[in-house]
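Engineer: coords below, sequence missing:
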């Protein structure tokens, strides 16, 4: 793969990760502003939700360059994300599945 196509691939992956972050941020904002939700679930502070989401989705920007490292980071972040009881669920699952798919599709020793 030449340098130009690697740069384009990184830009696409970074844009996709950014869009996932935006959608997850909206989801977290909605979950933290609905008082009925916090009656049933003990929500973490907003900064914990944001930090967990960032740690989960940001590595996807490098998914084609280091797929095994990315899947390891995303899996660990996903477990922390769930243990922290972050209210966002859909985008976090998508991020995990994208990382797993990428490890299978782009890893050199698949």
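Structural biologist: It's in. Quick caveat: nothing in here was measured; it's all calculated off a predicted structure.
Engineer: Poorly predicted segments of this structure, please.
Structural biologist: Confidence mapping of the chain against pLDDT under 70 gives the ranges 1, 37-39, 110.
Engineer: the helices in it, which residues?
Structural biologist: Secondary structure of the chain (DSSP state H): helices at 3-33, 35-40, 46-57, 67-83, 90-106.
Engineer: Let's have those helices in CSV, adding mean neighbour count.
Structural biologist: Every C-beta, even on glycine, is put in place using the N, C-alpha and C of the backbone. Formatted as CSV, those follow (neighbours: other CB atoms under 10 Å):
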stretch, mean neighbour count
helix 3-33, 14
helix 35-40, 9
helix 46-57, 19
helix 67-83, 17
helix 90-106, 17
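Engineer: Could you report the separation of the closest residue to residue 65 other than its chain neighbours from residue 66?
Structural biologist: Taking CB to CB, 6 or more residues apart in numbering as the measure, residue 65 lies nearest to residue 10, with 6.8 Å between them; neighbours along the chain are not counted. From residue 10 over to residue 66 the distance is 11 Å, taken as CB to CB, to the nearest Å.
Engineer: cool, and residue 53?
Structural biologist: Relative to residue 66, residue 53 is positioned 21 Å away (criterion: CB to CB).
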